[in-house]
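Engineer: What follows is a predicted structure for the sequence shown.
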Amino acid sequence: MKFLIFIFSFIYLVGANLEVVKYVSHKNPKILIEYNNLPIKIKKLLKVDSNIIAHYDFDFVHIEKSIKSIFVNKDIYKKYAYLLRLDFKDNKLTSILYDLTTKKSMMYKVYKIDNMNIYPFMVHALNYDINTKLGFTPIDWINRKIVYSIFLGPKSQSIFISDITLTYRKKIISGGLNVFPKWANKEQTEIFYTKIEKTPVLYKYNIFTGNKERVLASKGMLVVSDVKGNKLLLTLAPNDQPDIYEFDITKHSLKRLTKFKGIDVNGKFYDTGILFISDRLGYPNVYQKNLTTENISKVIYHGKNHIAVTVNKDNIVVSSRETNNAFDNNTFNLLLVNKKTNYVKRLTFGGKNMLPVFSPDGSTLLFLKEYKFHSKFGIIRLDENKVIYFKINRRIQSFDF
Amino acid sequence: MKKKLLLTAGIIAMMTGCASQPQLDVNNVSQSKQDKKEVNINKIQQKKEDIISQEPTQTDLSDNTVVKVSENSIPQNSLNQQLGAALSAEVIHFDFDKYNIRSDQMPIVQRVADLLKNSKGNFTVRIEGNCDEWGSDEYNYALGLKRAKTLKQALVDLGVDENKLTIISYGESNPVCTAHTKSCWAKNRRDNFTLLP
């Protein structure tokens, strides 16, 4: 089965600068990769992927013979559970996966790309299939794209998309101040973003066709915080006051959800209502509003100062400021709280860790770590107790996954 | 004596030989300069008489003939440029994670209020709220907006027409400096002004 990937233009590629932190060590099954022709960058990315996935490890050995020939390195097969044969030629990656216990083929797939620039998606697709075949927990997130805005200078930010390892990158919006990009659909074909013109304007943009649609404009402030089907949660300030609003795209109707004279931002669809960040007690904290009863309650009592929140089912992750210093480095750490069990887990231990975003299946968390003069994307594999960082030599303002 | 005659004869001979050249008459040049002088003076005097003759007579003097020089006669563009330049020099700074106006910033607020109240004509001033790099930018956009709103209210309380003011927030996106130092962070926690076209 051939795998077709869309063509992109204006590609800017950077090799991943990988940092891995693993809290609990456990043995993963090992897969031996025997390859005939395999570009070094594909080999490197396979290793990076296996590190992030954390379900299996790769070792590599080159073979002169065809990958369809009989088994070659029988003496070393004992150390491995599986054998993966790879051959890359004419933009096609042929793969054969063997179970070394039964000596039987488990998978035979050919992945085709139209140009070498998009090879990262091919490698992720291969790993997705291997992971599925080996019966591990699903890793749909590995095929997803990240959309993010990069600070270029005062009143100048551009929007990029990339694969999860930041190996593939493409600029999609430039010129002026373009901020707060958000995926508009599960298929990741369109984004919402805010352009600060004379007033903030919300646009919807198709990343494949380039079609741009003006959705809404407002005075003061306009940010898409969450998307659920045809409904958006916005931080809006039509009367100079930032509050949470729900916007129905199809009906073009706006409904105010919070009324507070201070700051209400970062709304997330949750349960029968929303979660949001508010400074109604004098400092930013996470609150929940039941949209039926209108009842508002504080959600998290761990940490004092919460600047960002993300939620997946009963799991809530907040970025909590743990120092309050105007004149020195501050510390922001990520806390995971299960709303049902009240289980609390600290996910990071120092530095500035902000903007947590769950993958749709809730197994993986992306966040930003501010490090010296640039940003790092952090990927936390929650069940595998592992954190991986990818350095990006720019400052990221906002992102979505 | 003989030498003088010879010299004079020589000069006359030369002048006769250059019959095609115009004759240089020193005396006439002097005279023409004199004439010119006289003519010039006469012209000047004539001009003075003209001017004198154009001065209104007593019966012509009225308000219509006297042009008052005031602000109304200065083009609005020029006034706005002056206002814009004055506003661009004014900045109000805020404390970390706060949007209330500090007491030490009130003189600047008063100065801006006076400037706006004393400026005539149609204009709109945009108050731009900004933040340092700490915290999430969504929160900082809201914080910047609160800073702008607080300042707007303070100006309105001091008598500025609310309809002349609008606000916007740039969060962390419009820093005046990008060094990771306490002084730079303090500079970025600010409201500044833009005169809208």
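Structural biologist: Looks like it came in fine.
Engineer: Can you tell me, leaving aside adjacent residues, what's nearest to A:Asn91?
Structural biologist: A:Ile113 (5.2 Å; C-beta to C-beta, 6 or more residues apart in numbering or on different chains). Heads up, the C-betas are built off the backbone N, CA and C, glycines and all.
Engineer: Can you pull the phi and psi angles for the one you found?
Structural biologist: The phi/psi pair for A:Ile113 (degrees, to the nearest 10) reads phi -130, psi 150.
Engineer: wait, it sits on A:Val123?
Structural biologist: No - in this structure, A:Ile113 is not within contact of A:Val123 by C-beta atoms under 8 Å, at 10.1 Å.
Engineer: which of those two has more neighbours?
Structural biologist: Neighbour count, other C-beta atoms under 10 Å in any protein chain shown: between A:Ile113 and A:Val123, A:Val123 has more, with 23 against 20.
Engineer: Pop out the phi and psi values for A:Leu275.
Structural biologist: According to degrees, to the nearest 10, A:Leu275 has phi -110, psi 150.
Engineer: per-residue pLDDT, it?
Structural biologist: At A:Leu275, the pLDDT value in this model is 96.
Engineer: what's the answer for A:His306, then?
Structural biologist: On the pLDDT scale, A:His306 gets 89.
Engineer: likewise B:Glu172?
Structural biologist: For B:Glu172, the predicted pLDDT is 93.
Engineer: In chain B, what residue lies closest to chain A?
Structural biologist: B:Phe96 (3.3 Å; C-beta to the nearest C-beta).
Engineer: Pull the number of nearby residues for that residue.
Structural biologist: Neighbours around B:Phe96, by other C-beta under 10 Å: 17.
Engineer: Kindly report the same for A:Lys171.
Structural biologist: 13.
Engineer: unless I'm mixing things up, A:Ile146 is touching A:Phe401, no?
Structural biologist: Yes - if you go by C-beta under 8 Å, A:Ile146 and A:Phe401 touch, sitting 5.4 Å apart.
Engineer: wait, A:Thr331 sits on A:Gly350?
Structural biologist: Yes - judged on C-beta under 8 Å, A:Thr331 makes contact with A:Gly350 at a distance of 6.2 Å.
Engineer: quick one, which of the two is more surrounded?
Structural biologist: A:Thr331 (16 against 10).
Engineer: ok, that one - contacts?
Structural biologist: A:Thr331 makes contact with A:321-323, A:350-352, according to C-beta atoms under 8 Å, 6 or more residues apart in numbering or on different chains.
Engineer: distance of it from A:Met122?
Structural biologist: 40 Å (C-beta to C-beta, to the nearest Å).
Engineer: just A:Lys251 next, same as before
Structural biologist: 41 Å.
Engineer: How about A:Leu382?
Structural biologist: From A:Leu382 to A:Met122 the distance is 27 Å (C-beta to C-beta).
Engineer: quick one: which of these two has more around it?
Structural biologist: Counting neighbours by other C-beta under 10 Å for A:Leu382 and for A:Met122 shows that A:Met122 has the greater number, 21 against 18.
Engineer: in its sheet, what does the helix or strand containing B:Glu128 sit against?
Structural biologist: Secondary-structure assignment from DSSP states H and E places B:Glu128 in strand B:124-130. Using DSSP bridges, strand B:124-130 pairs in its sheet with strand B:165-171 (parallel), strand B:190-196 (antiparallel).
Engineer: So for the last one, mean pLDDT?
Structural biologist: By that I understand strand B:190-196. The predicted model assigns strand B:190-196 a mean pLDDT of 95.
Engineer: And the contacts of it?
Structural biologist: Against strand B:190-196 from outside (C-beta under 8 Å, 6+ apart): A:198, B:80, B:83-84, B:87-88, B:90-94, B:112, B:123-130, B:147-148, B:151, B:166, B:176.
Engineer: cool, the first one as well?
Structural biologist: Outside strand B:165-171, the residues that touch it by C-beta under 8 Å, 6+ apart are A:155, A:177, A:179, A:196, A:199-200, A:219-221, A:237, A:240, B:124-131, B:137-138, B:140-145, B:147-149, B:152, B:155-156, B:196.
Engineer: Name the residues of that strand that come out as buried.
Structural biologist: Buried residues in strand B:165-171, counted by 16 or more other C-beta atoms under 10 Å in any protein chain shown: B:165-171.
Engineer: repeat for the last one
Structural biologist: Along strand B:190-196, these residues count as buried under the neighbour rule (16+ other C-beta under 10 Å): B:190-193, B:195.
Engineer: How about stretch A:170-177?
Structural biologist: A:170, A:172-173, A:177.
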